[in-house]
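Participant: Have a look; sequence and predicted model below, questions after that.
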Amino acid sequence: MATVTGGELVVRTLLGANVRHVFGLHGAHLETLFQSLARHGVPIIDTRHEVAAGHAAEGYARATRGLGVAMVTAGPGFTNVITSLANAYLDRTPVLYLSGSAALRDAESNTLQAGIDQVAIARPITKWAHQITTPSQIPRLVAQAIRLATSAPTGPVLLDLPMDVLMAGIEEETVRIPRNVLVDSPAAPTAQAVDDAIELLRSAKRPIVMVGPGAWQSDCAQELRAFVERAGIPVFSDFQAHGLLPSSHALWGGTYHKLSELTASDARPDVVLALGVRFGLFTMGISDRLVPSGAKLIHVEVDPKEIGRLRDAHVAIVADSRETLRALNAHAKAQRWPDFAHWQKTVQEAKAARVARHREQYARGTTPIHPFHAVTTIADNLPPDTIVVGDGAESYHWLNEVIRQERAGSYITHGFLGAVGFGLGLSLGAQVAHPKRPVLCLVGDGAIGFTIAELDTMTRHALPIVVVIMNNRSWAASQHFQEIVSGREQVLGTRLGDARYHDVAKAFGAEGVHVTKPEDLAPAIKAAFAGGKATCINVEIDVTPIPPEIELLMARHD
Ligand SMILES: Cc1ncc(C[n+]2csc(CCOP(=O)(O)OP(=O)(O)O)c2C)c(N)n1
């Protein structure tokens, strides 16, 4: 009878769940996985740091709404990926982390890369963490892990794979590889809840729809558009849901922060349909600067824990956003909707006024380049359908002012962990998932330092990602915080030097471009996308200005 290794069983089960790429960094503990993946033609995108492999798996999941897979070796390989686990956990990103570990027979023997309980460390930052101890149980447990990761509310899982379990020989005929690993059964709302939601929306004077990560995850672009066009309700979005309603659409109000423009008492939303929204950081907590405390809330979320967390819901619907929109659409057809034209105009005028104010307020054509001018130039020169990854801190807040997208899942940026330095990893995953789409990674000069060696991964795997560094020689968000809280003379540990990041890129075989003058930025971006090769554009920008979103957050603490 033929025998197969434990590693082979892991890979066969992954294939049954449509896994087509795996991100990782080698270690002897993982050798059988590497060999089996290669035998089955599954590309391994090998990174220069495990955290980048983890972030790449997150990027893959976020660019596809599917599962990302990362494999890391025992001990330091595992500890290096922890930031990614935490990031995926807080963002509910479905990633399967496979960690190698010491052979079971070597337990408590001071052996290599061992002696820490990886499952115990992973448990509070995963949906499920488990060590497989019996080789024949690998298919069942890998399938269970994938099912858990990809079922709502989605999230990361970790399977710890001892070296002797992975290397064990198992008689092929004695194991069965599960089929139909993935479950697709989204929860639908009750008829009563749908009635109540429609009634509340029809009674509103200034209703809005807010779309959050749950809406993006439910793939509801078509249903969302049909509903808001019928009802005439403006839409505001967080980053993950950006593009669910195209930015060019007349009902598009902008990202959540644009709600802060609607300050007049007769211009504040009175009813909010929150689809897959997770209230907190991105809605400014319990502050009512974005969402008025008096607004009546219809909250649709797959995770009951999110409902009522910071806002009481008048109508609480524990369900999938797309299923709910389908039910709302079926009901909405039979209704007469109030004329919200005046309200729509108010929203559009507020949005336009913000842009006009910024164009007026922020210097153009100056050296060093004003960050608003830099992000405007970037946004204006993106090829159609670009996936944008936003890293750094102030850098992505500037970008939020100008980014426009026509398709969901195209703006991948910070979640609740706020871990700067994840951008290059996320970009790798997004580019592997969508080899034909352009990918741009905007990153601070602080953030790039964490994983700059991933420019090498991009080069080796021919991933033509365009990395733009907003180089202000500073951890700018930190420096500005210090200046405000402790005083300008107390700035310490937050300034950076005159590093030639573009030369580092060249050393890794990528293109490197240094931009110091405003007029050189647009041609550099165009050339980078046309070049079809990983490129790092190091842009010297002014450190002084603070992005409006951060000013708003700071004002909250006055
Ligand atoms: C991993 C990690 N370390 C530290 C911080 C704290 N922090 C928040 S913003 C920031 C500065 C980021 O600087 P940079 O990447 O240059 O971006 P910029 O603010 O200039 O856009 C730091 C250090 C963090 N959020 N994440």
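Facilitator: In hand now; what should we look at? Residues are numbered from 1 along each chain as shown.
Participant: Give the other helices and strands that the worst-scoring helix or strand of the chain on mean pLDDT contacts.
Facilitator: Across the helices and strands of the chain, mean confidence by mean pLDDT, DSSP states H and E is lowest for helix 548-556: a mean of 81. Applying 3 or more Cβ pairs under 8 Å, 6 or more residues apart in numbering; DSSP states H and E, we find helix 548-556 packed against helix 394-402, helix 476-485. Glycine gets a C-beta too; all of them are placed from N, C-alpha and C.
Participant: Pull the contacting residues for the residue of the stretch 201-350 of the chain found nearest the ligand.
Facilitator: Nearest to the ligand in the stretch 201-350 of the chain, going by Cβ to the nearest ligand atom, is L281, at a distance of 12.1 Å. By Cβ atoms under 8 Å, 6 or more residues apart in numbering, the residues touching L281 are 416, 418.
Participant: Now the residue in the stretch 301-450 of the chain positioned nearest to the ligand. Its backbone dihedrals?
Facilitator: Taking Cβ to the nearest ligand atom, the ligand has its nearest neighbour within the stretch 301-450 of the chain at G444, 2.2 Å off. Dihedral pair for G444: phi -80, psi 160, per degrees, to the nearest 10.
Participant: For the ligand, what's its nearest residue on the stretch 451-558 of the chain.
Facilitator: Closest point on the stretch 451-558 of the chain to the ligand, by Cβ to the nearest ligand atom, is A476, at 3.2 Å.
Participant: Would you mind confirming that that residue is in contact with W398?
Facilitator: No - assessed by Cβ atoms under 8 Å, A476 is found out of contact with W398, at 10.0 Å.
Participant: Name the nearest residue to A221, sequence neighbours excluded.
Facilitator: Excluding the flanking residues, the one nearest A221 by Cβ to Cβ, 6 or more residues apart in numbering is L244, at 5.0 Å.
Participant: Now do the same for I537: its pLDDT.
Facilitator: At I537, the model reports a pLDDT of 98.
Participant: and it, which of the three is it?
Facilitator: Put simply, I537 is strand when judged by DSSP: H, G, I helix; E, B strand; the rest coil.
Participant: bridging residues for it?
Facilitator: Under DSSP bridges, the beta-bridge partners of I537 are V468, V513.
Participant: hang on, it packs against H502?
Facilitator: Yes - counting by Cβ under 8 Å, H502 is a contact partner of I537 at 7.2 Å.
Participant: Neighbour count for these two, which is higher?
Facilitator: When I537 and H502 are compared for neighbours, I537 comes out ahead with 25 against 22, by other Cβ atoms under 10 Å.
Participant: What is the burial count for the residue nearest to M554 when sequence neighbours are not counted?
Facilitator: Distance criterion Cβ to Cβ, 6+ apart; nearest residue to M554, sequence neighbours excluded, is I484 at 6.3 Å. I484 is flanked by 14 other residues according to other Cβ under 10 Å.
Participant: Quick check: I484 vs G444, distance?
Facilitator: For I484, the distance to G444 (Cβ to Cβ, to the nearest Å) stands at 18 Å.
Participant: Return the distance of the residue of the stretch 101-250 of the chain found nearest the ligand relative to A204.
Facilitator: Of all residues in the stretch 101-250 of the chain, the one sitting closest to the ligand is I125 (14.9 Å; Cβ to the nearest ligand atom). Distance from I125 to A204, counting by Cβ to Cβ: 40 Å.
Participant: likewise V165?
Facilitator: Remark: distance between V165 and A204 (Cβ to Cβ) = 58 Å.
Participant: Neighbour count: these two, which is higher?
Facilitator: Higher neighbour count among V165 and A204: V165, with 27 against 21, using other Cβ under 10 Å.
Participant: show me where the stretch 1-150 of the chain has strands.
Facilitator: 3-5, 22-24, 44-46, 68-72, 95-101, 128-131 (DSSP state E, counting those that start in this stretch).
Participant: Just name the most buried of those.
Facilitator: Of all the strands of the stretch 1-150 of the chain, strand 68-72 carries the top mean neighbour count, a mean of 31, counting by mean count of other Cβ atoms under 10 Å.
Participant: Could you pull up the mean pLDDT of that strand?
Facilitator: 98.
Participant: Touching, the residue nearest to M554 and A555? I think so.
Facilitator: No - using Cβ under 8 Å, I484 is not in contact with A555; the gap is 10.7 Å.
Participant: which ones are touching the residue nearest to T255 when sequence neighbours are not counted?
Facilitator: Among residues not flanking T255 along the chain, N400 sits closest, at 5.5 Å (Cβ to Cβ, 6+ apart). By Cβ under 8 Å, 6+ apart, the residues touching N400 are 239, 255, 257, 390, 547, 549.
Participant: Which residues outside stretch 118-131 are in contact with it?
Facilitator: Contacts for stretch 118-131 (Cβ under 8 Å, 6+ apart): 74, 78-79, 82, 85-86, 89, 97, 99, 101, 141, 145, 148-149, 155-162.
Participant: excluding its backbone neighbours, what's nearest P548?
Facilitator: Nearest to P548 is E401, by Cβ to Cβ, 6+ apart, at 6.7 Å.
Participant: my bad, E454
Facilitator: L424 (4.0 Å).
Participant: All set, thanks.
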